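Asker: Build the 3D model from these lines:
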Amino acid sequence: MVTIDNASALQTLDAASDTEAPVSLMVAHMAMSCTGKLRGAIESGVVIELSSAPPEPINVGDRCAVTFPLAGRSAGFTSRVLSSVDGKGGRVLVTVEPPEKIQPSEQRMSVRVPVPLGALAVAVMNGESPRSVKPIDLSLDGILIEYPDGEDPDIEIGHRRVLVLERGKHKVLAEAEVRRQAGQRFGLLFMFHEGRPKDMIRIVAELQHLWNEV
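Answerer: Okay, here's the model as predicted:
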């Protein structure tokens, strides 16, 4: 795929903003990326709406990487934060400098979908005891979860756990490996041995529909 330069990059982002394309924002000092939507793209800046406040502050001047789906694959660019302000419902509006170029990838993108409060129940199995955690975002490949403040998660990078995910009539038991940590948040990669369960596909699709309506 050919690199998209200059004015074409802004046009591409503007078109993606029209459909409120899902986006991942990784700030240089953070261990994990944040999920949200592309909200606008003009010469003065590209606006990204994060679904929830990040675990660490985003400051003016921070270097960042932005990833979003383009033609069924992953595309991205690096930039610098121009502003970060609190929005409605706990959301955060981050404006970054328009990129000089967008770099498409041949890699298919598994879109991470923010999980609205109460839309998905998740528990981590540790022995016979399920431990309820807050799901932050979910994709077909992994999940970002958060333990309550002050609670000892008893889980580290490299550990494997069985997760139970439930939404309505859909229920999935999935083995997952911890790949990233930032405070009480942990990013886990699903270890499906026989392909992705149909219920997982349905859960992600329903959450995507909910997020698109917000």
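Asker: End to end on stretch 67-75, go ahead and measure it.
Answerer: End-to-end distance for stretch 67-75: 6 Å, by Cα to Cα, to the nearest Å.
Asker: Ok, stretch 64-79 next?
Answerer: Between the opening and closing residues of stretch 64-79 we find a distance of 5 Å, counting by Cα to Cα.
Asker: Report the buried residues of it.
Answerer: When burial is assessed from 16 or more other Cβ atoms under 10 Å, stretch 64-79 yields the following buried residues: 64, 66, 67, 68, 69, 70, 74, 75, 76, 77, 78, 79. For the C-beta atoms, the positions are set from N, CA and C on the backbone; glycine is no exception.
Asker: ok, now stretch 9-20?
Answerer: Within stretch 9-20, the residues that qualify as buried are 9, 10, 12, 13, 16, 17, 20, counting by 16+ other Cβ under 10 Å.
Asker: same question, stretch 104-117
Answerer: Burial within stretch 104-117, assessed by neighbour count using 16+ other Cβ under 10 Å, is assigned to 104, 109, 111, 112, 113, 114, 115, 116.
Asker: a markdown table for those residues, including secondary structure, pLDDT and distance to residue 155?
Answerer: Supplementary listing: these in a markdown table, determined by DSSP: H, G, I helix; E, B strand; the rest coil; pLDDT from 0 to 100; distance: Cβ to Cβ, whole Å:
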| residue | secondary structure | pLDDT | distance to residue 155 |
| --- | --- | --- | --- |
| 104 | strand | 83 | 35 |
| 109 | coil | 61 | 27 |
| 111 | coil | 79 | 25 |
| 112 | coil | 85 | 20 |
| 113 | strand | 88 | 23 |
| 114 | strand | 89 | 22 |
| 115 | coil | 92 | 19 |
| 116 | coil | 88 | 24 |
